[in-house]
Every structure is written in C-alpha cells, then in structure tokens.
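S.K.: Please work out how this folds:
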Amino acid sequence: MNNIIMRNLLTILAAWLSVFFFPACKNSQPANGSTNEALVAVMTIPATVKAGQPVMLHFAVRNPSAKELSFCKWHTPFEGFMDAFLHVQESKGAEAQYRGIMAKRIMPPPADAYIRVPAGDSVSVDIDLLKGYAVDVPGTYTVRYQAGGVSGLEKVNEAAFTVVE
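M.R.: Okay, the predicted model is just below:
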C-alpha cells in the first residue's frame, strides 16, 4: 500500500515539475537569437457551419519584425490534434469535449519541432475542428488558443462560429 502511495506522489511531483520547470518550447531561442514576442497568430473560422460538416479553422502565424523568428509547432494546428491546444466553449457555457489524442513529449524539443517564419512573412494551416472537438451540436461556439506556454505563441485572437441544422 505504501508503495502505491509513494508511486502516486512521485508521479504528481514529476507532472508538477514538468509543467513549472520544463516547459516544452516556451522561452526557446528562435532563429538569430531573437525572441518570438513579435509573432502574431490569427485564427479564422467561417461564421456559420452546417451541423456535421467540417468546421475549418485557418491558423496563420505572421512575423511583422525585420528578422526571422521561429516557434514550436507542438500544441498548435501545425501538428494536427496531438493535444487539446484549444478551448472551445458553447455560448451557454458548456465546454466542447476534446476527441483527439494526447501526445507525450521528450525534452528538449528537437530542431524539427520549430517552424521558422521569415521577416515580414507568414505561415498558415487549415484544420477541421470537428476532428478534434465535439462541435456538431447546433449553437454558437467560441475558440481560444490555450497553449502559448508550449509553442511560445502568446498573441492569438479569439474566434467564434455558429453551428446550424
């Protein structure tokens, strides 16, 4: 019995340490030693979607600075639904259930976990929210990006859409 309690305590301690002391990509050094504070991400979704049809989220990361910057693609649409990186909520307050997988990561992130964004340029991807979240019930939904601590993308707008019959 004591071994089970000790194992559970060690698991909790390891999880706590990984969240507070070993963030995946936050404060990573982008290209040319700059910080990724200037990167701006914009999410867009069609205003109205028919129930059961794809809910296409367009996620663009723009670099308005004069030098190349990069961000970690972990917990972003650029790697697909490998984690619940979005907070999707129905207007009545119910949170949309996440249906994707939950990937575990080995630290530190490898070089191929970063996406470079040239100065004045942008990168983008489209992803179907229906493949990762239960958003097939009619209603109005709000989408917020919630993984800035992992990717380093802190400047991300909020988007909304309505599912109709």
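
S.K.: C-alpha only now, for contacts and for neighbours.
M.R.: OK.

S.K.: check which helix or strand covers residue 150.
M.R.: Assigned by DSSP states H and E, residue 150 belongs to helix 148-151.

S.K.: Contacts for the helix or strand just after that helix next, please.
M.R.: Towards the C-terminus, the helix or strand next in line after helix 148-151, according to DSSP H and E, is strand 159-164. Among residues not part of strand 159-164, those counted as contacts by CA atoms under 8 Å, 6 or more residues apart in numbering are 43-51, 135-144.

S.K.: Need the three-state assignment for the closest residue in space to residue 44 that isn't next to it in sequence.
M.R.: Once its chain neighbours are removed from consideration, residue 44 has its nearest residue in residue 58; the separation is 5.1 Å (CA to CA, 6 or more residues apart in numbering). Under the three-state scheme (DSSP: H, G, I helix; E, B strand; the rest coil), the conformation of residue 58 reads as strand.

S.K.: dump the residue contacts of residue 58.
M.R.: When contacts are counted by CA under 8 Å, 6+ apart, residue 58 touches 42, 43, 44, 45, 124, 125, 126, 127.

S.K.: Can you turn the buried part of those residues into a ChimeraX selection?
M.R.: To isolate in ChimeraX the members of the contacts of residue 58 that are buried, counting by 16 or more other CA atoms under 10 Å, one can use:
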select :42,43,44,45,125,126,127
